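In: fold the following, please.
(one chain, ligands or ions: 1)
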Amino acid sequence: MTEAKFTPRVFSGIKPSGGLTLGNYLGAIKRFVGMQGPAFETIYCVVDLHAITVWQDPVDLRNATREVAAGYLAAGIDPAKSVLFNQSQVHEHAELGWIFNCVARVGWMNRMTQFKEKAGANAEKQSLGLYAYPSLMAADILLYHATHVPVGEDQKQHVELTRDIAAKFNHDYKVDFFPLTTPVIDGPATRVMNLRDGTKKMSKSGESDMERINMTDDADTISKKLKKARTDAAPLPEKVEGLEGRPEAQNLVDIFAALSDMTPEAVIAEHGGAGWGTFKPLLADLAVEKLAPISGEMARLMADPAEIDRILGQGAEKARAIAAPVLKRTYDIVGMLRN
Ligand code: TYM
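Out: Reported below is the predicted structural model:
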């Protein structure tokens, strides 16, 4: 299959479950902003249908949906340049998701590490939706014939599954209809780690708020969390290879690099040999400089929920204009009788 057949189009999504973290910002949103421009059509989504694969209080869910939208907007997603909407307003996602449930194989789902991690020993008690989640994610992407999907490292397997679903659909129905989407996982912050344990991913849910930076944290909180971040005792190495086996040090250097648009090599070239007493305050100042304006803008946007709802509604209309013909064609290919 040649990619030239498909318009270069980016799709990505974020779940409105809990708040946004620095991981979501550096691993996703900041990179989404960077892809806006002439090279791609960009479509960004608040994936509320994915959020309810685990229990969400309805009032909290609506609020979290607006907060993710505010995060996108505050960080620089421009509704004039990108399609920005929430998933449930475009019913085609759920419909294509069903068709893909009938394409994906149980064996493929059984290999999904994120389900295993989330379900733990309690797989039997999880929702069927949590298990089927990756085929809805494939539908999100393929409904727009997206060619590129920027995500953090943890979503790589799901984008690969999306390619498997597209290939099987094309093969079974003898068509060349869905693209084989490329996952875009680049830059120094595709896996931002927990500030208290550099071997664990920074996530929305976690025992202590000190483990993560929330996109809504104010300047003092950001600064305090980074200054108290766990490290080992040694200073920064003189060469980037010296970060190997030092997960906390690696993480703070990666965060510094991502926030300042530098490579980790360049950060080490500048700060190698520095002790944490020097480097952490520099990192804290940098993070405050970059993140505090975003959290301030999020608070301003959240004060006017009607405006956020309006933006998401308009985005949904634009999304539907792309999605509806793709779903219609899919139904035709599959053999659904329609008038
Ligand atoms: P979600 O909501 O868990 O995370 C949204 C995005 O943030 C990235 N991310 C991170 N990146 C680096 N370091 C971290 N600590 C970190 N934590 C989160 C994720 O990799 C992701 O890119 N299944 C998806 C949502 C989704 C989706 C899609 C994504 C649904 N449909 C279609 C792309 C395309 C998820 O749960 O992401």
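
In: so how far is Leu243 from Val159?
Out: Using Cβ to Cβ, to the nearest Å, we find Val159 at a distance of 27 Å from Leu243. For glycine as for every other residue, the C-beta is placed from the backbone atoms N, C-alpha and C.

In: go on, Ala266?
Out: Look at Ala266 and Leu243: by Cβ to Cβ, they are 13 Å apart.

In: okay, these two: which has more neighbours?
Out: With neighbours defined as other Cβ atoms under 10 Å, Ala266 and Leu243 compare such that Leu243 has more, 20 against 14.

In: roughly how far apart are the more buried one and the ligand?
Out: Counting by Cβ to the nearest ligand atom, to the nearest Å, the separation of Leu243 from the ligand is 17 Å.

In: burial of the closest residue to that residue other than its chain neighbours, as a residue count?
Out: Using Cβ to Cβ, 6 or more residues apart in numbering and skipping the chain neighbours, the partner closest in space to Leu243 is Gln250 (4.3 Å). Gln250: 18 surrounding residues under other Cβ under 10 Å.

In: now do the helices in this protein.
Out: In the chain, the helices defined using DSSP state H lie at 22-24, 30-35, 48-51, 58-75, 92-101, 106-110, 113-119, 128-142, 156-172, 219-227, 247-260, 264-271, 276-302, 305-334.

In: nearest to Thr42, out of those?
Out: Between Thr42 and the helices of the chain, the shortest separation by Cβ to Cβ is 5.8 Å, and it involves helix 30-35.

In: just the CA trace of that closest one, in PDB.
Out: C-alpha atoms of helix 30-35 as PDB (Å, rounded to 0.1, in the frame of the first residue of the first chain):
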ATOM      1  CA  LYS A  30       3.400  19.700  23.000                       C
ATOM      2  CA  ARG A  31       4.200  17.400  20.100                       C
ATOM      3  CA  PHE A  32       0.700  17.700  18.700                       C
ATOM      4  CA  VAL A  33       1.200  21.500  18.700                       C
ATOM      5  CA  GLY A  34       4.400  21.000  16.800                       C
ATOM      6  CA  MET A  35       2.700  19.000  14.100                       C
END
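
In: who are the packing partners of that helix?
Out: When contacts are defined as 3 or more Cβ pairs under 8 Å, 6 or more residues apart in numbering; DSSP states H and E, helix 30-35 sits against strand 9-14, strand 41-46, helix 58-75, strand 148-150.

In: can I get those in CSV including mean pLDDT?
Out: What follows is the helices and strands packed on helix 30-35, written out as CSV (pLDDT from 0 to 100):
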stretch, mean pLDDT
strand 9-14, 98
strand 41-46, 98
helix 58-75, 98
strand 148-150, 98
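
In: spatially nearest residue to Pro247, not counting backbone neighbours?
Out: Spatial nearest neighbour of Pro247, chain neighbours left out: Gly198 (3.1 Å); criterion: Cβ to Cβ, 6+ apart.

In: relative to Ala258, how far out is that neighbour?
Out: For Gly198, the distance to Ala258 equals 15 Å [Cβ to Cβ].

In: before I go, just wanted to say thanks for your time.
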